[in-house]
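Engineer: Would you be able to build a 3D model of this:
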Amino acid sequence: MKNALKVTFGTMLAVSMVAPNIAAAHEHFTNHFAVWGDATYTKPSNNGLSVGDQLFANSGGLPSGAGAFDGGRRHVFIQPDMEFDYALGISYRMPHTHTRLFFSYDHYDNDVDDQGDVDIRNLGIAPTALSTQGVAQYDLHSHEFRLGAVHDLHFGDRFCLDLLAFFEYDKVRQTLNENIFQAPGVSRARESEGKLQGFGPGVGFMTRWYAFNPHWHVFAGANTTLIAGENHYRQTLFEDANNFYIYEPDESDSIVGKIDINFGLNYRCAFKHEMHGIVWDVSLGMRYMNMFNAFKNGNTAFNPNGGSNNSVAPNFAPNLGVPQDWGRYGPFLRFKIGGIHS
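Structural biologist: Numbering: from 1, shown residues only. Sure, this is the predicted structure:
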């Protein structure tokens with residue numbers, strides 16, 4: 001019994017001596033972490049989202065065909081709306097340095113339904129004595145992952161320059177569905193899908209200017225990335241059971257450039273002392289992002305003629321082989337919380 005009491009007392013004494021050190025080490029470790037979340041409200045660019053053209057000048061009643069004035073026409077584009085979405089991140093400041101490691105994820109979805117375009121010429125069908133109606137649907141899904149480091153350079157008490165280096169993975173898919181109807185019972189439909197996925201290195205900078213109040217600062221910066229991507233493309237057209245095609249070129253590779261610009265206003269403050277020095281930030285800013293030639297549309301110069309209409313083969317694939325940018329822009333609101341050394 002005495003031995004058991006000695007062992008128990010010794011164990012309790014050892015734990016009581018080691019526990020504060022473990023707690024201090026744990027607290028020190030966690031004080032270097034920070035997490036954040038963004039609420040984004042952005043709109044994608046609509047480059048390459050033409051869904052036909054529309055007559056806005058009278059052709060004088062002349063029949064369509066060789067030698068006839070085709071009238072004045074302009075392309076009609078889908079106009080994507082602003083969409084709410086989110087981004088998440090985590091960082092760790094290395095002890096006794098000005099360097100932070102970080103990982104971030106940005107999610108984006110956008111979809112548009114266009115139901116009301118009248119007298120559209122698309123997919124080989126044009127308005128005559130019978131009007132046409134075009135219907136289109138646009139969907140875009142984007143995933144962005146970044147893993148890298150940030151190094152702070154301080155110039156006095158009011159100016160700071162952050163230098164970034166990171167690896168980025170992107171996966172973007174864009175789908176455009178087009179339908180055109182003309183009574184009685186004339187209709188055609190086309191679906192075009194482009195995908196880009198790949199990874200590459202990126203560098204950037206962020207400047208921070210602190211006003212007379214140390215809790216506030218203005219930030220502005222830019223990142224640029226080179227993505228070694230795989231390009232996928234698929235297009236299908238359906239006229240009727242006898243006239244349809246599927247066009248799906250082989251996968252191709254390309255280098256895609258990306259630029260990302262951010263600027264805004266930040267407020268930083270500490271919680272009460274009983275929160276162990278935890279600090280929190282709120283940032284309100286704007287983001288402008290563009291990926292150059294992101295969608296390759298087959299990455300080929302060959303434009304096939306799909307389907308037929310009274311032995312005439314109209315070109316149903318006018319966009320094949322023409323690269324398109326993709327971008328987005330709009331405000332974001334970021335809330336960040338972290339340890340005293342984060």
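Engineer: tell me which element the residue most central in space within the chain falls in.
Structural biologist: Centrality entry for the chain: nearest residue to the mean C-alpha point is Ser142, 4.7 Å, by C-alpha atoms, centre = their mean. Take DSSP states H and E as the rule and Ser142 turns out to sit in strand 133-155.
Engineer: what lines up beside that strand in the sheet?
Structural biologist: In its sheet, strand 133-155 lies beside strand 99-118 (antiparallel), strand 159-182 (antiparallel), with partners assigned from DSSP bridges.
Engineer: surely Thr175 meets His232?
Structural biologist: No. At 11.7 Å, Thr175 and His232 do not qualify as touching, with contact defined as C-beta atoms under 8 Å. Bear in mind the C-beta positions are built from the backbone N, C-alpha and C, glycine included.
Engineer: Which residues are in contact with each of those two?
Structural biologist: Both Thr175 and His232 are contacted by Glu193, under the criterion C-beta atoms under 8 Å, 6 or more residues apart in numbering.
Engineer: what are the ranges of the strands in this protein?
Structural biologist: Using DSSP state E, the strands found in the chain span residues 33-44, 50-55, 73-77, 83-93, 99-118, 120-121, 133-155, 159-182, 186-210, 216-240, 243-247, 252-270, 279-295, 324-338.
Engineer: just to revisit the earlier point, most neighbours per residue, which of the strands paired with strand 133-155?
Structural biologist: The highest mean neighbour count among the strands paired with strand 133-155, using mean count of other C-beta atoms under 10 Å, belongs to strand 159-182: a mean of 18.
Engineer: Restrict that strand to CA atoms and write it as CSV.
Structural biologist: C-alpha atoms of strand 159-182 as CSV (Å, rounded to 0.1, in the frame of the first residue of the first chain):
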residue,chain,number,x,y,z
PHE,A,159,4.8,50.7,-44.5
CYS,A,160,5.2,46.9,-45.0
LEU,A,161,5.9,44.8,-48.1
ASP,A,162,4.9,41.1,-48.2
LEU,A,163,6.7,38.9,-50.8
LEU,A,164,4.8,35.7,-51.8
ALA,A,165,6.0,32.5,-53.4
PHE,A,166,3.6,29.6,-53.9
PHE,A,167,2.4,26.6,-55.9
GLU,A,168,-1.1,26.7,-57.3
TYR,A,169,-3.5,24.1,-58.6
ASP,A,170,-6.5,25.2,-60.7
LYS,A,171,-9.5,23.3,-62.0
VAL,A,172,-12.0,25.2,-64.1
ARG,A,173,-14.9,23.9,-66.2
GLN,A,174,-17.2,26.0,-68.4
THR,A,175,-20.4,24.6,-70.1
LEU,A,176,-22.6,26.5,-72.6
ASN,A,177,-25.9,25.0,-73.7
GLU,A,178,-27.6,26.7,-76.7
ASN,A,179,-31.1,26.0,-78.0
ILE,A,180,-33.0,27.7,-80.8
PHE,A,181,-36.7,27.1,-81.7
GLN,A,182,-38.7,28.1,-84.8
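Engineer: Please compute how far that strand lies from its chain's middle.
Structural biologist: Using C-alpha atoms, centre = their mean, to the nearest Å, the distance from the centre of strand 159-182 to the centre of the chain it belongs to is 3 Å.
Engineer: Output the below-cut-off pLDDT ranges for the stretch 51-200 of the chain.
Structural biologist: In the prediction, the stretch 51-200 of the chain carries residues with pLDDT under 70 at positions 56-71, 116.
Engineer: Tell me how this protein divides into domains.
Structural biologist: The record assigns the chain these domain ranges, following automatic domain parsing: 1-30, 33-338.
Engineer: Comparing these, which comes out most buried?
Structural biologist: Per-stretch averages of neighbours, counted by mean count of other C-beta under 10 Å, single out domain 33-338 among the domains of the chain, with a mean of 16.
Engineer: Just the terminal-to-terminal distance for that domain.
Structural biologist: This stretch, domain 33-338, spans 6 Å end to end (C-alpha to C-alpha, to the nearest Å).
Engineer: Rebuild the strands of the chain as a markdown table, extending it with distance to Ala301.
Structural biologist: Formatted as a markdown table, the strands of the chain follow (distance: least, C-beta to C-beta, whole Å):
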| stretch | distance to Ala301 |
| --- | --- |
| strand 33-44 | 27 |
| strand 50-55 | 19 |
| strand 73-77 | 22 |
| strand 83-93 | 34 |
| strand 99-118 | 29 |
| strand 120-121 | 25 |
| strand 133-155 | 26 |
| strand 159-182 | 21 |
| strand 186-210 | 16 |
| strand 216-240 | 13 |
| strand 243-247 | 14 |
| strand 252-270 | 12 |
| strand 279-295 | 15 |
| strand 324-338 | 15 |
